[in-house]
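Asker: Here's my sequence, what's the structure:
(one chain, ligands or ions: 1)
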Amino acid sequence: MIALRQTSPENLITDLQSFGLRLADPAAGAAGRRGGAGPSDHKAVTFAGRTVMVPIYTGAAAASPFHADAPGSDGTSVLTRDGAEIGRISFPRQPRFYAMQTFDGVPYWKIAVLHGADVLATTVLQTCIRYTDRATACQFCGIGQSLAAGRTIAHKTPEQLAEVARMAVLLDGVKHMVLTTGTPNVIDRGAQVLCDSAFAIKQAVELPIQGQCEPPRDHTWFRRMKASGIDTLGMHLEAVTEEVRARIMPGKATVSLQRYYDAFAAAVPEFGRGQVSTYILAGLGDTPEMILEVCEKLIGLGVYPFVVPFVPISGTPLQNHPAPSPAFMRGVLAPLGRMLKLAELRSRDSKAGCGKCGACSSLASYEE
Ligand code: SF4
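Answerer: Numbering: from 1, shown residues only. From the prediction side, this is the model:
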């Protein structure tokens with residue numbers, strides 16, 4: 001039995017994601033995610049029927065009040081807070097597909113990895129025009145780290161992705177897939193490589209796919225992406241005010257908020273209401289009021305605003321930036337959950353991707 005005492009699941013997820021978790025056995029369950037694009041330095045943890053990503057490799061996690069014992073013979077671990085037992089948790093097991101390699105000799109785990117409980121995720125292009133220059137790089141991003149460490153390859157071909165996706169479905173029952181990409185140029189901004197990848201994957205296996213990229217210059221890409229087999233689209237604001245965006249992500253901030261709004265308005269008719277989403281990292285300087293104001297506008301456009309707590313990734317310029325407090329996150333997620341429920345724009349209605357997975361935030365539990 002994976003059970004919790006004394007607290008509601010949404011409160012515990014919020015607290016765990018802000019404070020992180022100390023592990024008696026860091027090797028328990030599936031390997032944690034270090035470096036890479038987007039949020040990282042996490043490990044998947046399951047409790048009360050929900051799998052969430054919890055920071056474990058961050059500096060803050062080393063001082064967390066939460067601790068998990070090594071798993072017992074039943075695969076569960078005792079979770080304590082300040083030394084007092086609060087329940088039992090488990091860790092998704094290492095996927096079977098990690099043991100295989102592609103026809104051209106690349107280990108599957110370098111092509112795509114398991115996120116949450118049942119999501120196959122990959123960064124198709126592990127390079128980005130913005131990353132190598134401090135003046136343009138997003139300060140939270142570690143896209144070059146896993147490449148430099150040899151944990152992935154720079155460009156996953158459509159054939160490699162199709163092969164891995166098929167086996168991840170057959171061997172591990174993955175339910176949907178995330179294709180993200182570094183930005184290769186300022187014209188299509190990665191849309192072409194996402195189309196090529198999705199088309200090949202859909203030839204190999206029926207698997208709902210989310211594509212994630214910056215807004216392409218030409219909005220006709222949205223129709224091409226949908227026709228290629230991309231079911232949902234993520235275009236990630238990351239921060240919601242121009243000032244914070246310019247400070248934290250000086251290159252990407254040249255794509256203005258208005259440019260994103262225009263792209264959202266063009267993408268929703270192609271993909272459907274609730275099938276276009278955006279990632280918002282809370283804790284980088286935007287106030288709860290600013291985040292909620294933008295979320296209200298996004299919901300009006302039919303866009304799912306996936307608000308997650310910022311996780312400082314080791315080795316990035318923001319590695320010592322504090323994660324937002326649980327009180328800050330509750331101040332955003334509780335009213336946002338009510339807004340989403342009222343608008344009938346919930347995580348569970350999304351076909352694929354981060355909004356559907358929801359493991360990087362407690363937002364979905366506030367929509368119940
Ligand atoms: S929410 Fe997105 S980034 Fe987070 S675990 Fe799920 S698929 Fe991965």
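Asker: Would you mind measuring from the residue nearest to residue 154 when sequence neighbours are not counted to the ligand?
Answerer: Nearest non-adjacent residue to residue 154, counting by C-beta to C-beta, 6 or more residues apart in numbering: residue 126, 5.0 Å away. C-betas here are computed from N, CA, C, even on glycine. Note on residue 126: its distance to the ligand, by C-beta to the nearest ligand atom, to the nearest Å, is 15 Å.
Asker: cool, residue 333 as well?
Answerer: Distance, residue 333 to the ligand, using C-beta to the nearest ligand atom: 14 Å.
Asker: Then residue 16?
Answerer: Residue 16 sits at a distance of 14 Å from the ligand (criterion: C-beta to the nearest ligand atom).
Asker: circling back: make sure the residue nearest to residue 154 is actually in contact with residue 150.
Answerer: No. Using C-beta atoms under 8 Å, residue 126 is not in contact with residue 150; the gap is 11.4 Å.
Asker: that older thread, which residues sit in contact with the residue nearest to residue 154?
Answerer: Each residue near residue 126 by C-beta atoms under 8 Å, 6 or more residues apart in numbering is listed here: 37, 143, 144, 146, 147, 152, 153, 154, 155, 182.
Asker: Backbone dihedrals for it, please?
Answerer: The phi/psi pair for residue 126 (degrees, to the nearest 10) reads phi -90, psi 20.
Asker: Could you list the residues of the stretch 51-200 of the chain in contact with the ligand?
Answerer: 53, 115, 116, 119, 121, 178 (C-beta under 6 Å from any ligand atom).
Asker: following the helix or strand containing the fifth one, which helix or strand comes up?
Answerer: Secondary-structure assignment from DSSP states H and E places residue 121 in strand 119-123. From strand 119-123 onward toward the C-terminus, using DSSP H and E, the following helix or strand is helix 143-148.
Asker: burial of the closest residue to residue 135 other than its chain neighbours, as a residue count?
Answerer: Excluding the flanking residues, the one nearest residue 135 by C-beta to C-beta, 6+ apart is residue 250, at 6.2 Å. With neighbours defined by other C-beta atoms under 10 Å, the count for residue 250 comes to 17.
Asker: Which strand or helix spans residue 250?
Answerer: If you go by DSSP H and E, residue 250 is not part of any helix or strand.
Asker: How about the contacts made by it?
Answerer: By C-beta under 8 Å, 6+ apart, the contact set of residue 250 is 135, 136, 137.
Asker: for it, phi and psi?
Answerer: Backbone torsions for residue 250, taken as degrees, to the nearest 10, come to phi -60, psi -30.
Asker: Could I get the full set of strands for the stretch 251-368 of the chain?
Answerer: Counting by DSSP state E, counting those that start in this stretch, the stretch 251-368 of the chain has strands at residues 276-282, 303-309.
Asker: Mind putting those into TSV with mean neighbour count and distance to the ligand?
Answerer: Converted to TSV, those look like this (neighbours: other C-beta atoms under 10 Å; distance: least, C-beta to the nearest ligand atom, whole Å):
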stretch	mean neighbour count	distance to the ligand
strand 276-282	26	8
strand 303-309	26	7
